[in-house]
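Chemist: Give me a model of this one.
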Amino acid sequence: MSNKLEELPARLRASPYTEGVSSSMSEVAQELLDLAREFWKQFYVPTATDSLAEFERLYGVTPATGATTEERRAAITTKMCAAGTANAALIESMAKALTGYDCKVTENFSDYTFSLRFYGTSAGFISIDAALLQSSVAVVAPAHLQFIIEPITWADLESAGLTWEQLEEQFDSWLELESSFFCHLEGEAGT
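Modeler: Residues are numbered from 1 along each chain as shown. Sure thing, here's the model as predicted:
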């Protein structure tokens, strides 16, 4: 607000009344701006706080006892994404909404499975809540197909460009490494 005062004529800027009124008005204006910004956040699940209960009511989601805000948001997002035909595009959009990473579904009809492969701006290991992803995809996945998150391969390890020492620093055990997920470079395999 103070930079706006400079636009006033000199006789008004010099007035103690102008300074007194503008100071308190700028505080009120800032409070209203902050409230308006917070209000708009309530319309979007990723930023909602006070409106989460209403989203849950609208989508028929009952939060687990003691569920965190992030878990409640994920449950709502899952339910929102679950509307529609269960196909690869739906599962890809759901996985992206939950993880923030682009992904591609690979259907393996001979094995009665389908898998997800993640893509991003850089190749490397990523942290994903696998249990949340598994339970969310189970809501929409066809019952006759098993969902598998694509495991890490030797080619993935090589493309990460990490030495054995760096792998040992990043992961406490081989099991932890095998339980992690790999993000491939965007543009690989037609993404």
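Chemist: Show me the shaky parts of the protein.
Modeler: Residues of the chain that meet the criterion pLDDT under 70 lie in 1-4, 82-85, 188-191.
Chemist: Would you map the strands across it?
Modeler: For the chain, applying DSSP state E gives strands covering 102-108, 113-120, 124-126, 146-149, 181-185.
Chemist: Export those to JSON lines and append columns for distance to Ala29 and mean neighbour count.
Modeler: C-betas here are computed from N, CA, C, even on glycine. Below are these laid out as JSON lines (distance: least, CB to CB, whole Å; neighbours: other CB atoms under 10 Å):
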{"stretch": "strand 102-108", "distance to Ala29": "41", "mean neighbour count": "17"}
{"stretch": "strand 113-120", "distance to Ala29": "40", "mean neighbour count": "18"}
{"stretch": "strand 124-126", "distance to Ala29": "42", "mean neighbour count": "16"}
{"stretch": "strand 146-149", "distance to Ala29": "49", "mean neighbour count": "16"}
{"stretch": "strand 181-185", "distance to Ala29": "44", "mean neighbour count": "20"}
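Chemist: What are the buried residues along the longest helix seen in the chain?
Modeler: In the chain, assigned by DSSP state H, the helix with the most residues is helix 16-41. By neighbour count with 16 or more other CB atoms under 10 Å, helix 16-41 contains the buried residues Ser22.
Chemist: Going forward, the N-terminal residue is numbered 293.
Modeler: That works, and once the first residue is 293, the last one we named lands at helix 308-333.
Chemist: Which neighbouring elements make contact with that helix?
Modeler: Packing partners of helix 308-333 (3 or more CB pairs under 8 Å, 6 or more residues apart in numbering; DSSP states H and E): helix 294-297.
Chemist: re earlier: out of the strands of the chain, which gets nearest to Pro308?
Modeler: strand 405-412 (57.4 Å; CB to CB).
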